[in-house]
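Peer 1: model this:
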Amino acid sequence: MSDYGGDDAFDTYDSPPQDYEVDEYGEEGENPEEQDGDAMDTRFNADADGPRFETLDPSQAKENEEKITTPYMTKYEKARILGTRALQISMNAPILVDLGGETDPLAIAMKELREKKIPLMVRRHLPDGTYEDWNVKDLIVD
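Peer 2: A predicted model of the protein is given here:
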């Protein structure tokens with residue numbers, strides 16, 4: 001029953017529904033043939049002549065020589081490092097610590113992290129388009 005008092009549960013449409021064209025690629029700009037294949041970052045710059053857009057190519061990003069981020073490993077970095085290393089161990093990658101009878105890949109990865117033996121790097125992207133690469137052995141883990 002509707003709010004205006006009439007019972008319209010069995011009403012039918014007066015006109016047939018329209019047929020919509022379905023785009024094979026979804027929304028505009030998702031067609032891989034229309035894109036050049038590189039994800040571009042666009043930044044807005046305003047000057048005396050008016051607004052200007054600058055396009056940054058991710059392949060042109062450079063590493064900061066001087067570290068400006070914290071040396072502490074975040075919980076998100078820790079989770080990703082442990083998961084990645086556990087996956088590598090489960091796929092028969094060389095183990096860099098004494099097993100001590102341990103067979104669980106995640107427990108082995110945690111032991112490697114405690115002993116700072118994980119051979120991975122953490123890349124931290126910065127807002128200005130640069131990044132910092134930290135070796136896991138250089139990060140402080142709580």
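
Peer 1: next, the buried residues of stretch 127-142.
Peer 2: When neighbours are counted by 16 or more other CB atoms under 10 Å, the buried residues of stretch 127-142 are found to be 132, 134, 136, 139. Using the backbone N, CA and C atoms, a C-beta is placed for each residue, glycine as well.

Peer 1: now stretch 115-131
Peer 2: Residues of stretch 115-131 classed as buried: 118, 120, 122, 124 (neighbour count, 16+ other CB under 10 Å).

Peer 1: out of these, which are inside helices?
Peer 2: Secondary structure of the buried residues of stretch 115-131 is defined by DSSP state H; no position falls in helices.

Peer 1: what is the burial count for residue 108?
Peer 2: Neighbour count for residue 108, taken as other CB atoms under 10 Å: 20.

Peer 1: mind giving me the packing neighbours of the one helix or strand it maps to?
Peer 2: Element membership for residue 108 (DSSP states H and E) is helix 105-114. Judged by 3 or more CB pairs under 8 Å, 6 or more residues apart in numbering; DSSP states H and E, helix 105-114 is in contact with helix 75-90.

Peer 1: fine, thanks again, bye for now.
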